[in-house]
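Asker: How does the following fold in three dimensions:
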Amino acid sequence: MFKNSWIFCKRELKSYFNSPVAYIVITIFLLISGWFFFNNLFIANQADFQGLFSVAPFIFMFFAPAISMRLISEEKRSGTMEILVTLPVKDWEVVLGKYLSALILLSVAILLTLTYTLTLSTLGNLDEGALVGGYLGLIMVGATYLSVGIFTSSLTKNQVVAFVLSFVIVFILFMLDKVVIFFPGFLAGFLEYLSVEYHFSNIARGVIDSRDIIYYLSVISFFILLAVRSLESRKWR
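Answerer: Predicted coordinates:
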């Protein structure tokens, strides 16, 4: 069922790693995340991952759109999308395969930061619950932002436009829980629930609630479905 999606996934991964893209993204992410981690460790004198976990969702607002902006827009720009539609594959297989490739790349960058645990393990006992929750939360946040990115990439041939649209949407999702004070109670609670940061803060504390996981999976599914519908819209023209 997912054979074609996996073929597209491998194709995109090869394009990432056969070019400087993957190495640049991973290196820059590790440098930035490493700076915040060791800054928190040596300057704030806190032997934990909170420095990294607190800033990573913000970093992803730039990295996720940068990774995903080309996934479909490049196919449209180069004209290869017209070739893809003649193949015996479904639109959702194309979208899912490309999305998974970006998710794997971002997950690799995230998991490479586990090397920081070697430093912390020499300084004291690790809070395994918060560590597992934090990394699960990071992957969920990254996966959510990437789903937005592939949706905006499906809307245009221009990668810059796709990047900007994606950034605007993820910025809104990031900021929702920070503007609730300007809204009445019932609306404030609704906006807070829609916030990516609100659910991440729960998981990063080591409290893995099914409601937070359902939120992320729902938002991811929503934007992937929008991307599929965007591709299908060409059949209606």
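
Asker: With adjacent residues omitted, what lies nearest to the most centrally placed residue in the chain?
Answerer: The centroid of the chain falls nearest to Gly142 when counting by CA atoms, centre = their mean (2.2 Å). Nearest residue to Gly142, sequence neighbours excluded (CB to CB, 6 or more residues apart in numbering): Leu106, at 4.6 Å. All C-beta atoms are positioned from the backbone trio N, CA, C, and that covers glycine.

Asker: Report all helices and strands that the helix or strand hosting Ser221 contacts.
Answerer: Assigned by DSSP states H and E, Ser221 belongs to helix 210-232. Where contact means 3 or more CB pairs under 8 Å, 6 or more residues apart in numbering; DSSP states H and E, helix 210-232 is packed against helix 91-112, helix 128-153, helix 196-204.

Asker: What lies in contact with the last one?
Answerer: Under the contact criterion CB atoms under 8 Å, 6 or more residues apart in numbering, helix 196-204 has outside partners 50, 53, 57, 130, 133-134, 136-138, 140-141, 144-145, 170, 173-174, 176-178, 192, 209, 212, 215-216, 219.

Asker: one more time with 7 Å
Answerer: 53, 57, 130, 133-134, 136-137, 141, 144, 173-174, 177, 192, 209, 212, 215-216 (CB atoms under 7 Å, 6 or more residues apart in numbering).

Asker: Any chance of a ChimeraX selection covering the buried ones in those residues?
Answerer: Selection command for ChimeraX covering only the buried members of these, criterion 16 or more other CB atoms under 10 Å:
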select :53,57,130,133,134,136,137,141,144,173,174,177,192,212,215,216
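
Asker: How many neighbouring residues does Tyr16 have?
Answerer: Using other CB atoms under 10 Å, Tyr16 has 21 other residues around it.

Asker: which non-adjacent residue is nearest it?
Answerer: Nearest to Tyr16 is Ala22, by CB to CB, 6+ apart, at 4.1 Å.

Asker: Pretty sure that neighbour sits against Leu105.
Answerer: Yes: counting by CB atoms under 7 Å, Leu105 is a contact partner of Ala22 at 5.7 Å.

Asker: More neighbours: the two, which one.
Answerer: Between Ala22 and Leu105, counted using other CB under 10 Å, the more crowded position is Leu105 (23 against 19).

Asker: doesn't Lys14 make contact with that one?
Answerer: No: applying CB under 7 Å as the test, Leu105 and Lys14 come out as separate, 11.5 Å apart.

Asker: Quick check: pLDDT value at the residue nearest to Gly142.
Answerer: Looking at Leu106, its pLDDT reads 92.

Asker: any low-confidence regions in the protein?
Answerer: Low-confidence segments of the chain (pLDDT under 70): 1, 40-49, 51, 81-82, 84-87, 119-127, 234-237.

Asker: Give the closest residue to Ile7 in space, chain neighbours not counted.
Answerer: Gly97 (6.7 Å).

Asker: try Trp6
Answerer: Trp6 sits nearest to Gly97 (CB to CB, 6+ apart), 6.6 Å away.
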